[in-house]
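[1] no sequence for this one, just the structure:
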């Protein structure tokens with residue numbers, strides 16, 4: 001049931017978005033503008049009841065549409081402008097987004113120019129950190145030297161994120177590369193436990209030094225892995241609508257986010273790929289209310305969790321924290 005008070009509370013809540021792929025966040029209207037004949041109608045995959053049959057189907061559709069827009073640093077700038085303006089509309093204060101390293105090879109665009117274009121689109125009132133998304137088989141003769149250059153020389157690159165098809169085995173270059181990136185001050189992320197087992201999450205934490213797991217839903221399969229996440233202070237950057245539409249969970253009511261929180265695991269909420277799921281951050285929060293009965297206090301805690309891992313000055317994090325706590329207290333008293 002639609003509750004205006006809850007909707008207003010979510011809209012007023014200062015939030016973070018800590019799991020977002022810039023290519024997967026491409027605003028649909030930009031495709032309509034560039035290819036009006038081809039994209040004049042909303043496709044079925046953006047419908048509210050659509051669910052993907054497989055990760056491969058999802059990835060194929062996303063890549064097809066992304067390559068119809070992204071062809072230059074300017075295209076990244078234009079897309080990021082719209083993406084970030086929508087964050088401001090939802091009272092998002094801090095964003096972590098990644099761009100796909102493979103685009104440097106597909107499009108022959110220097111990655112540093114893509115990074116600069118995205119950061120140039122950041123509006124006043126929003127803090128953005130950009131990560132390099134790296135597939136499990138990305139260390140090719142072409143991309144390998146560029147990946148090394150990225151962690152060694154791109155001062156504005158916040159970190160790296162292992163992503164892509166999780167069934168691909170980790171190659172021998174991965175662990176040393178993540179260790180090197182850490183030694184150079186980069187934030188380490190990894191997609192794990194989305195389609196692969198809890199053991200993948202354990203490996204990312206214990207072998208690769210990752211403290212920011214993207215998804216990690218299947219960590220629920222192992223009490224030992226959940227205990228490890230809590231003890232090591234690992235954050236799960238979860239995307240509930242994505243997890244439902246990609247069939248990682250069979251029903252939204254069965255999403256393990258509350259289980260994780262009750263186990264003491266730090267969890268955040270993000271949108272993942274709004275182009276593919278037709279979602280926004282307010283809808284993610286609302287889905288937790290609608291399907292899992294989250295209280296305003298729990299939503300406030302999720303927002304606080306996001307700021308707890310944000311790459312922000314401590315005083316700014318404290319300020320957002322005070323604003324969230326005050327909003328929860330005031331809203332709960334008025335309800």
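    Yep, it's here. Remember, it's a predicted structure, so these values are computed and weren't measured experimentally.
[2] Okay, strands next: where are they in the stretch 101-250 of the chain?
    127-135, 157-163, 187-192, 212-215, 235-238 (DSSP state E, counting those that start in this stretch).
[3] would you list those in TSV and tack on mean neighbour count and mean pLDDT?
    The C-beta positions use only the backbone N, C-alpha and C, and glycine is treated the same way. Formatted as TSV, the strands of the stretch 101-250 of the chain follow (neighbours: other CB atoms under 10 Å; pLDDT from 0 to 100):
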stretch	mean neighbour count	mean pLDDT
strand 127-135	22	98
strand 157-163	23	97
strand 187-192	26	98
strand 212-215	26	98
strand 235-238	26	98
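[4] Turn those strands into TSV, including distance to residue 272.
    Below are the strands of the stretch 101-250 of the chain laid out as TSV (distance: least, CB to CB, whole Å):
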stretch	distance to residue 272
strand 127-135	12
strand 157-163	10
strand 187-192	10
strand 212-215	8
strand 235-238	9
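[5] Mind checking the ones you listed for the one nearest to residue 312?
    Comparing the strands of the stretch 101-250 of the chain against residue 312 with CB to CB, the closest turns out to be strand 127-135 (6.2 Å).
[6] Give the pairing partners of that closest one; include direction for each.
    If you go by DSSP bridges, strand 127-135 pairs up with strand 92-100 (parallel), strand 157-163 (parallel).
[7] Give me the residues contacting it.
    Contacting residues not belonging to strand 127-135 are listed as 21, 84, 93-102, 111, 115, 118-119, 122, 147, 150, 156-165, 168, 187, 189, 310-312 [CB atoms under 8 Å, 6 or more residues apart in numbering].
[8] now swap in stretch 29-38 and tell me
    With contacts defined as CB under 8 Å, 6+ apart, stretch 29-38 is touched by 39, 40, 65, 68, 69, 78, 79, 82.
[9] Lowest-confidence one in those residues?
    On pLDDT alone, residue 40 ranks lowest of those, at 86.
[10] Would you check how far apart that one and residue 171 are?
    To residue 171, residue 40 is 42 Å away according to CB to CB, to the nearest Å.
[11] between those two, which one's more packed in?
    When residue 40 and residue 171 are compared on other CB atoms under 10 Å, the one with more neighbours turns out to be residue 171, at 12 against 8.
[12] where does the stretch 51-200 of the chain dip in pLDDT?
    Of all residues in the stretch 51-200 of the chain, none has pLDDT under 70.
[13] hey, where'd the helices end up in it?
    All helices of the stretch 51-200 of the chain, identified by DSSP state H, counting those that start in this stretch, fall at 55-66, 73-89, 102-106, 111-120, 143-153, 174-183, 198-206.
[14] Give me whichever of those helices is most buried.
    Mean neighbours per residue, mean count of other CB atoms under 10 Å, is largest over the helices of the stretch 51-200 of the chain for helix 198-206, with a mean of 21.
[15] Give me the contact list for it.
    Residues outside helix 198-206 that contact it (CB under 8 Å, 6+ apart): 162, 166, 170, 190, 192-193, 210-211, 213, 216, 218-222, 224-225, 228-229, 232, 234.
[16] And for stretch 57-69?
    By CB under 8 Å, 6+ apart, stretch 57-69 touches 23-24, 26, 30-31, 34-35, 38-39, 45, 52, 75, 79, 106, 164-165, 246, 273, 275-276.
[17] Please check these and keep the buried ones.
    Using 16 or more other CB atoms under 10 Å as the burial test, the contacts of stretch 57-69 include 23-24, 26, 30-31, 39, 45, 52, 75, 79, 164, 246, 273, 275-276 as buried.
[18] how many neighbours does the residue lying closest to residue 15 once chain neighbours are set aside have?
    Distances taken as CB to CB, 6 or more residues apart in numbering put residue 92 closest to residue 15, at 4.9 Å, once the chain neighbours are dropped. Using other CB under 10 Å, residue 92 has 23 neighbouring residues.
[19] Moving C-terminal from the helix or strand where residue 276 lies, which element do we reach first?
    Residue 276 is part of helix 274-277 when elements are defined by DSSP states H and E. Scanning forward in sequence from helix 274-277 by DSSP H and E, the next helix or strand is helix 281-292.
[20] Mind listing residues that contact the helix or strand following that following helix?
    Proceeding N to C from helix 281-292, the next assigned helix or strand is helix 296-309, under DSSP H and E. The contact list for helix 296-309, computed with CB under 8 Å, 6+ apart, reads 6, 9-10, 13-18, 93-94, 212, 235, 258, 261, 266-269, 285, 288-289, 317, 320-321, 324-325, 327-328, 331-332, 335.
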